[in-house]
Structure formats: C-alpha cells, structure tokens
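# Here is a sequence together with a model predicted from it:
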Amino acid sequence: MSLGPALISAVVRGNGFSRIGSAVAISLVAISSIAHAGDWSDRLDSLGVNQTVFALADDGSGNVIAGGDFTIAGQDTVARIARFDGNYWIPYGAGIGGTIRALAVYNGDVVAGGTFLTAGGNSIPYIARWNGSNWVAMGAGLNGPVDALLVKDGVLYVGGEFTQSGAASMKYIASWNGTSWTSLGTGLGGECYAMTVHNSELYAAGDFLTAGGGSAKYVARWTGSSWAALGAGLNYIAFSLASFNGSLYAGGQFSAPGFSVARWNGSAWSGLGNGLDGPVTSMDVYNNSLILGGSFTTSGGFGTYNHIARWSGSSFSTLGSGTAQDVFAVKTTGACLFAGGAFVTAGGKPSKHIGMWQDVVVGVGGEPFALALDAPVPSPSRGALTLSFRLSESSPVRLDLIDVRGRLVATLVNGTLPAGPHQASWNGREASGSPAASGIYFARLFDGHRERVQRLVRLGN
C-alpha cells in the first residue's frame, strides 16, 4: 500500500494484516499529514542486474518483472527476464534469446516483446508468452520487433516495427484475443512505440504521420472502429504515453507543443512548464504524481532532475538526486516505484540498472520516518502489550519475541509492510498458545538489513 499526499484524520484500517487467534494484530497509525518525500533503496546493488533494463511490469501480486539485456540478476543466471519478489530474483524458464523491450501480464501469463528471435531455446521471434512452465508462440506471431504491450478489456494490444502476422497485414499495431491476431483498421503509417488507455479509449504514439490512412502526427486515438488525430499532433517522435488527472500526456523527442513532454486536454495541446531538455522515454502514475523517465537532466535550465522527474500537475520536482544515466522504464508496483535503465547508481547509491524509490511518510516535523522500535506499552505487563514501530521503506519485516536464552517465543510480524508507522500487539501467549512465563523478554525488529531491540518485562497472571 502507498499513501498519497492527503490529510488523514483517523486511523487507517484494513491496510495492515492480522493473524486471527494468534499473538498479533497490525494496523497503520494515524498521522496528521502526508507529503512527498522519500529515498532510493540501497538494496539493488547486490540485488541489481548486470545489463540494461528496458521494460518493467507488475506481475499482479505486487512483484516487479524486469526485461532487457541482462543475464545475471542478483547472484543468479537468468536470460533477460526475471521477477523480483523483494528478496530474490526468479527466472522464467530458459528465458529469452535477445533484447526485451516490452512486458505485460495477460490472462495470468507473462508476455514479452522485443527484438529477440528465440524464447525458451525455441524459434519464437519478437513476441512470446510464458504459460507458467514454458515459452510458447502466439499464433502466427509477428514479422518485426515489438516495442509496446498493453492490456485493455481482455484484449492484448501490441505495437512495434512489424507489418504482418503470417500473411495478414498488421501495420505497426495489432490486437491478440488469446487465439488470433486482428488489425486495427489499416494500422499506422510507421512504428508504434507506446500505448495507453485514456478515457476508456486506446491511444498510440510513435514515429508515424498517418493513422488509418489519415493525417495523425506521431499520436493517434483508436475509437474502436477508426483512427482519429489529436489536433495538430506533435512535431517529432513520441516514445511514451500516460493518462493522468484527466489529461493525456505524451513524452518523446519533440520540441512542440512542448519540450519533450506535452499534455492533451481533449481539445488542445500544451507544454509542461519549461519542458525537459532530453527525450522522455517512459511514464507512469505514482502517488498522485506523474513520473517521467528518460535522457533529460534539467527543465529549461531550471532544476536538476537527472533522468527522472515527478510532475504534480503544475510543476516538476526531483526524486532525490535521480540516476546516473538514462531511465528507459518506470513502473509503480505496490508501494514502490521501480526504474530501469542504463544507470548503476540511483540517488547516489549503487543500484545496478534497476532502482526502487519509496515515498516516505512525513510527520508534523517534516522528517521522514527511520527504522525504529519503541518501548513496549505497558511494561511491566500482566496482559496484552503494544509495540509501535516505523519503517523507512516498504520492505519484508519480522518482529520476534525471544527470551533471555535466545529461544523464539512468538513471531508477531512476518511479511512485507509499507513505509510509515505500524503497531503490533502481543497477548502474552507463546506461539503454541500457552501463556508465557513471567520474566524478561526482548522484542527484535529486523528489516533484512538493520535491527532494533527493546526489552520488556512480563509479570505473572
């Protein structure tokens, strides 16, 4: 879960987890205000990958899938695609035999697109589906590279540099219904690099001047039966699209109607502030903001954004000190924002080709929460007691009670929680359900990197 920039006047309930009949119940603590602050994780140095990441996707269970040119993820050998569960990378069989440029999850299966010619060791060019155990072809496939994938209303849409599926004409964009390929009218006049859904309709962008045979400069709308232009369009290539706060956003290498990024309000285009000084190659929405990744470093000479920036709807802001090199993909997954690209540092920290940004809850004093475990209340205790703790970022966390001999008495928390404040209660019973003996115990909080310990005293019943 992630908390947006809003005032919260009551305890947020139902956003933690509880184990019925055990020793623990967890919930988020009420806070008076939220602001955008945060940091880049330092976990993706040893857990990073060895080559460029070009595509990111959410697996539907809060895990991020990465695709690109890499062959090592963490300490494991993979083949250009793997899933990160917060602790480990999991490969998809024998992987993909060449560069992955796009990823999607369709009907529970992972679909990869790119410039590759083989998948799972078999001849499956440009697009392949992982069915849970093997990579398989999708009908007659496509005859050229795939650059964009999008799922809408139970249909998979594919954009790229292809012109056919088998003998059927598929000019740079096509749809897959699970069994067969279909063209979208007469298609586009050139490569399709990006797609998004805006106001329930499909939009496509890329390097084309026509759509469905009519003029449409670099971006077009599919009504379900025909293509339509968006005003005068853009003056050069678009690489990314996103829907945010009721408007359509396009990012690319153009200089009009804005520098590298522009907004369509349904009737007219406009730029965003001073724009950005380099191509915008990816966009996604995170915590009520539009995140932009690319090759830019500044906005009209004002501000330093270093390849990734946040747009609030009225102004740009930074995500720490950004990344050291280009960002090619951004993806919101759970409470985290992931970025993939050519960089090996993010926020000045080693982060090999993939970075994880976490917005951090900011309290009244304006300071982000650090990992902390407060003294138990009450202590000494004859009955139940409460342990309050805070996490600096979303992470797997464990809160154990141990006795003076080091024996595990009870596990109060064992799972992934979002950044911010939490509480766990102990009912005075061991994991077996029997009452704990009177004496001294220790509460130990561990987030995979750091630990905090508090002493507590239990009195006899």
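In hand now; what should we look at?
# switch to C-alpha atoms for all contacts and neighbour counts from now on
Noted.
# how near is Pro128 to Ile96?
Not quite, residue 128 is Ala, not Pro. Distance, Ala128 to Ile96, using CA to CA, to the nearest Å: 9 Å.
# So which of these two has more stuff around it?
Under the neighbour definition other CA atoms under 10 Å, Ala128 and Ile96 were set side by side, and Ile96 has more, 32 against 26.
# ok now do Lys349, which residues does it touch?
The neighbours of Lys349, taking CA atoms under 8 Å, 6 or more residues apart in numbering as the test, are Trp40, Ser41, Asp42.
# Which positions in stretch 40-51 come out as buried?
Of all the residues in stretch 40-51, those buried under the rule 16 or more other CA atoms under 10 Å are Trp40, Ser41, Asp42, Arg43, Leu44, Asp45, Leu47, Gly48, Val49, Asn50, Gln51.
# that older thread, name the residues contacting each of Ala128 and Ile96.
Between them, Ala128 and Ile96 share the contacting residues Ala119, judged by CA under 8 Å, 6+ apart.
# what is Ser289 paired to in the beta sheet?
Following DSSP bridges, Ser289 is listed with bridge partners Tyr286.
# I misspoke; the intended subject was Thr386.
Val377, Ser425.
# Test my guess that it contacts Pro378.
Yes - assessed by CA atoms under 8 Å, Thr386 is found in contact with Pro378 at 7.2 Å.
# Looking at these two, which is more packed in?
Using other CA under 10 Å, the more surrounded residue of Thr386 and Pro378 is Thr386, with 19 against 15.
# Report the contact partners of that one.
Pro376, Val377, Pro378, Gln423, Ala424, Ser425, Trp426.
# and which of those is nearest to Gly271?
Closest approach to Gly271 among the contacts of Thr386 (CA to CA): Gln423, at 45.1 Å.
# these two touch, right, the closest one and Leu399?
No - using CA under 8 Å, Gln423 is not in contact with Leu399; the gap is 10.6 Å.
# For the two, work out which one has more neighbours and name it.
Leu399 (23 against 19).
# State the helix or strand in which the more buried one lies.
strand 395-403 (DSSP states H and E).
# Tell me the secondary structure of the nearest residue to Gly233 once chain neighbours are set aside, please.
Using CA to CA, 6 or more residues apart in numbering and skipping residues adjacent in sequence, the residue nearest Gly233 is Lys217, 4.8 Å away. Per DSSP: H, G, I helix; E, B strand; the rest coil, the secondary structure class of Lys217 is coil.
# could you dump the strand holding Leu399 to CSV, C-alpha only?
Provided in CSV are the C-alpha atoms of strand 395-403 (Å, rounded to 0.1, in the frame of the first residue of the first chain):
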residue,chain,number,x,y,z
SER,A,395,10.2,-4.0,2.9
PRO,A,396,9.9,-7.5,4.3
VAL,A,397,10.0,-7.2,8.1
ARG,A,398,10.0,-9.5,11.0
LEU,A,399,9.2,-8.8,14.7
ASP,A,400,10.0,-11.6,17.1
LEU,A,401,9.8,-12.1,20.8
ILE,A,402,12.7,-14.0,22.4
ASP,A,403,13.5,-15.0,25.9
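# That one pairs with which strands, and in what direction?
strand 408-417 (antiparallel), strand 439-446 (antiparallel).
# got CSV for these, with mean neighbour count too?
Supplementary listing: those in CSV, determined by neighbours: other CA atoms under 10 Å:
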stretch, mean neighbour count
strand 408-417, 19
strand 439-446, 19
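# so can I have a markdown table of the ones you listed showing mean pLDDT and distance to Val136?
Output for these, formatted as a markdown table (pLDDT from 0 to 100; distance: least, CA to CA, whole Å):
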| stretch | mean pLDDT | distance to Val136 |
| --- | --- | --- |
| strand 408-417 | 93 | 33 |
| strand 439-446 | 91 | 41 |
